[in-house]
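J.: A predicted structure for the sequence below; I have some questions about it.
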Amino acid sequence: MNRVLRPAGVQLVRGYSSDPAVGAFLPARKTIAAAQKAGVSVGDYLDAFSAEPGSTAGTVAAMLRLGQLDGSVDRVCEIGAGSGRYMTRVMDALQPGAYEVYETAPDWVRYLRQIRPQVIIRPANGHSLDATTSESVDLVHAHKVFVYLPFVVSFGYLAEMARVVRPGGVVAFDVITEDCLNDVVTKTWLDEPSRANIYQLTPRAWVVEFLARRGLELAGSEFVPLSDGRTELLVFRTR
């Protein structure tokens, strides 16, 4: 099938999960090759491709600031690490003793192992963090993940994030909330529905209340760039 699709620049990638709601987004080989051709890092290439230059660094900096995170972090868990553009920056900034990754795309898993052999690759079913012990991580985070997932899948991940974070730890993720929408964004989506229909909206107030019932308080938020719009980074701390 890939031989047939190659002239069109398309590659099929098998994920770890068989759930039709969970699939590979950007193929690793094609993305890495495009970054190399452009003479930039994979992270910088994806910033320019899906957001704006410097957005990854800005997102990580905002997460660390809002979560009041420093070098004392021992264990980190990331959902949907993909290209590792957030992972590498968090690892460099916090120097954690262990970094767990849940990623459903095997091609990106291989790449993650190449760039950071010390990462702990967890079995990923696209729904849960089953391999991570309850109250065991200082930071659990996800970026540009829940933006694309059906709400029921994101909802399940939020419950899992609340489960695995330790007392005093941080939960961080970005979603498209009602506050992300304005006339410019909605006009773009209406003009190009074939592009905008990949995005999923998440009710902000509901998320804040849902996590509050699980002992998490909103520490702060910040808007971060997304192609055709923006997402809202929400950072929570356990009581």
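T.: Thanks, I have the structure now.
J.: contacts and neighbour counts: CA atoms only from here.
T.: Fine.
J.: pick out the residue nearest the middle of this protein.
T.: Geometric centre of the chain, nearest residue: H143, 2.4 Å, by CA atoms, centre = their mean.
J.: now the helices for this protein?
T.: For the chain, helices defined by DSSP state H occupy the ranges 2-5, 28-38, 42-50, 55-66, 85-94, 106-115, 151-164, 183-191, 193-196, 204-212.
J.: which helices and strands does the third one pack with?
T.: Counting contacts by 3 or more CA pairs under 8 Å, 6 or more residues apart in numbering; DSSP states H and E, the secondary-structure elements packed against helix 42-50 are helix 28-38, helix 55-66.
J.: dump those helices into a markdown table; add mean pLDDT, mean neighbour count and distance to R113 as well.
T.: Supplementary listing: those in a markdown table, determined by pLDDT from 0 to 100; neighbours: other CA atoms under 10 Å; distance: least, CA to CA, whole Å:
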| stretch | mean pLDDT | mean neighbour count | distance to R113 |
| --- | --- | --- | --- |
| helix 28-38 | 93 | 14 | 13 |
| helix 55-66 | 97 | 19 | 20 |
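J.: ok, which of these comes nearest L112?
T.: Of all the helices and strands packed on helix 42-50, helix 28-38 sits nearest to L112, with 10.3 Å by CA to CA.
J.: report the contact partners of the closest residue to V109 other than its chain neighbours.
T.: In space, and not counting its chain neighbours, V109 is closest to E103: 6.6 Å by CA to CA, 6 or more residues apart in numbering. Counting by CA atoms under 8 Å, 6 or more residues apart in numbering, E103 touches I79, G80, A81, G82, V109, I121, R122, P123, A124, G126.
J.: I figured Y99 hits V76, correct?
T.: Yes. Using CA atoms under 8 Å, Y99 is in contact with V76, at 4.8 Å.
J.: in the chain, where is pLDDT below threshold?
T.: Counting by pLDDT under 70, the ranges of the chain that qualify are 1-25.
J.: tell me the buried residues in stretch 146-156?
T.: Buried residues in stretch 146-156, defined by neighbour count with 16 or more other CA atoms under 10 Å: F146, V147, Y148, L149, P150, S154, F155.
J.: hang on, A35 packs against D47?
T.: No. Taking CA under 8 Å as the definition, A35 is not a contact partner of D47, at 10.8 Å.
J.: nearest residue to F236 other than its sequence neighbours?
T.: With CA to CA, 6+ apart as the criterion, F236 has its nearest non-adjacent residue at 4.4 Å, and that residue is L218.
J.: what's the burial count for that neighbour?
T.: 20 (other CA atoms under 10 Å).
J.: and for L226?
T.: 18.
J.: how near is it to E217?
T.: Taking CA to CA, to the nearest Å as the measure, L226 falls 25 Å from E217.
J.: equivalent analysis for Q68, please.
T.: According to CA to CA, Q68 stands 13 Å off from E217.
J.: cool, and V42?
T.: V42 sits 34 Å away from E217, going by CA to CA.
J.: repeat that for Y111.
T.: Taking CA to CA, one finds Y111 at 35 Å from E217.
J.: then V164?
T.: Relative to E217, V164 is positioned 15 Å away (CA to CA).
J.: equivalent analysis for L190, please.
T.: As judged by CA to CA, L190 and E217 stand 35 Å apart.
J.: which one of those two has more residues nearby?
T.: Between L190 and E217, E217 has the larger neighbour count (other CA under 10 Å), namely 18 against 12.
J.: who does that one form a beta bridge with?
T.: Beta-bridge partners of E217, counted by DSSP bridges, are R237.
J.: wait, isn't it in contact with T238?
T.: Yes. The pair E217 / T238 is scored as a contact, 6.2 Å apart, by CA under 8 Å.
J.: how many neighbours does the closest residue to D44 other than its chain neighbours have?
T.: Leaving aside its sequence neighbours, D44 sits nearest to P53 (CA to CA, 6+ apart; 6.6 Å). By other CA under 10 Å, 16 other residues sit near P53.
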